[in-house]
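> the following comprises the amino acid sequence and a computationally predicted model.
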Amino acid sequence: MSEHSLKNMMEKPERLTPGHRMCAGCGATVAVRAVLRALKEEDHAVIGNATGCLEVSSFMYPYTAWKDSYIHNTFENAGATLSGVETAYRVLKRKGKLGEKDTYKFITFGGDGGTYDIGFQSLSGAMERGHDMVYVCYDNGAYMNTGIQRSSATPMFADTTTTPVGKNSDGKVQCRKDLASILASHNIPYVAQTTFTRDFKDIHRKAERAIYTEGPAFLNVMAPCPRGWRYDMSDLMEICRLAVETCYWPLFEVRNGKWSLSYEPKKKLPIEDFLRLQGRFRHLFKPGNEYLIEQFQKTVDERWENLQFLCSKM
């Protein structure tokens, strides 16, 4: 993406307006605004939104922060709802009931609870059926809206209300599910993993590709949560940078089955640089817990090596 196109992206009118009730320092609304900037100004959009922080804070009937058509879906059916709307749109187009200039894009947002877990069935079905839509997961690594309970996106050793750290517990014991790889196995046209880089170039480019690639597309966006991750709100961008530089959250895409890295750190940083800024991992830095960080590092290294292998094969 050229500097000119990037500037144009940043200058576009916002489709998610100020005045919502999301927390200061929340990554979810940053993700939404970045994705929606990729829409051409003349294009309309139908937005789906699974129950969660984003929904309860941006849509209080009859008031909404969304400028596009908006549908609140229950936790489990964001993928199914938007696939139905996209199908109805195609039927109306075919019957000549919509004008040639009535161009709509279909984008649905869900947190990791409504995507990795409760909504996975309808997401998988929508992708498998080949609907021309984009599913965006704003991954904040827990069920933040209902009290910071663990999800399958929660990283190992994270302190949550259902995996509390204590005398006999080091937090969540399981590894985070690799959802982007699971979606890539659906053989859909486009899958990408991204977050907020300093210039937003990566997320803007991938959102544009996802929206304007014909067929189903999936974007997995790391969107930190200040309450659940327990960081100072001014550290949002630094946490995202460290997630990428430590290879905890590598940037990659899968286009028609071809894997490619979007960014490879010149010098991969140790995982403790990413963990240290977050209160949910504070216990890992207590004397005697070094082996937990080593175990976390081993998992990150294994996943990074596997990703490099997949990309080198193509």
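Happy to help now that I have it. Values in this document were obtained by computation on a predicted structure and should not be read as measured data.
> ok, longest helix in the chain?
helix 290-312 (DSSP state H).
> mind listing what's buried along it?
For helix 290-312, the buried set under the neighbour-count rule, 16 or more other C-beta atoms under 10 Å, comprises 292-293, 296-297, 300, 303-304, 307-308, 310-311. In short, each C-beta sits where N, CA and C put it, glycine included.
> helices or strands up against that helix?
strand 258-261, helix 271-275 (3 or more C-beta pairs under 8 Å, 6 or more residues apart in numbering; DSSP states H and E).
> rerun at 10 Å
strand 169-170, helix 179-184, strand 252-255, strand 258-261, helix 271-275 (3 or more C-beta pairs under 10 Å, 6 or more residues apart in numbering; DSSP states H and E).
> where in the stretch 101-250 of the chain is pLDDT low?
Nowhere does the stretch 101-250 of the chain drop to pLDDT under 70.
> quick one, strands of it?
104-111, 134-139, 165-166, 169-170, 190-194, 217-222 (DSSP state E, counting those that start in this stretch).
> could these go into a markdown table alongside distance to residue 14?
As requested, those are exported to a markdown table (distance: least, C-beta to C-beta, whole Å):
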| stretch | distance to residue 14 |
| --- | --- |
| strand 104-111 | 15 |
| strand 134-139 | 16 |
| strand 165-166 | 39 |
| strand 169-170 | 42 |
| strand 190-194 | 19 |
| strand 217-222 | 17 |
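> which among these is found nearest to residue 261?
strand 190-194 (10.3 Å; C-beta to C-beta).
> orientation of that closest one relative to strand 134-139 in degrees?
30 degrees (axes from the mean of the first three to the mean of the last three C-alpha atoms, to 10 degrees).
> each with direction, which strands does strand 190-194 pair with?
Sheet pairing of strand 190-194 (DSSP bridges) gives strand 217-222 (parallel), strand 252-255 (antiparallel).
> just to revisit the earlier point, output the helices and strands packed on helix 290-312 in JSON lines; the columns should cover distance to residue 107 and mean neighbour count.
Listed next are these as JSON lines, based on distance: least, C-beta to C-beta, whole Å; neighbours: other C-beta atoms under 10 Å:
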{"stretch": "strand 169-170", "distance to residue 107": "38", "mean neighbour count": "16"}
{"stretch": "helix 179-184", "distance to residue 107": "16", "mean neighbour count": "21"}
{"stretch": "strand 252-255", "distance to residue 107": "17", "mean neighbour count": "21"}
{"stretch": "strand 258-261", "distance to residue 107": "23", "mean neighbour count": "14"}
{"stretch": "helix 271-275", "distance to residue 107": "29", "mean neighbour count": "21"}
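> now these as JSON lines including distance to residue 151?
JSON lines is the format used below for those (distance: least, C-beta to C-beta, whole Å):
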{"stretch": "strand 169-170", "distance to residue 151": "17"}
{"stretch": "helix 179-184", "distance to residue 151": "11"}
{"stretch": "strand 252-255", "distance to residue 151": "22"}
{"stretch": "strand 258-261", "distance to residue 151": "25"}
{"stretch": "helix 271-275", "distance to residue 151": "18"}
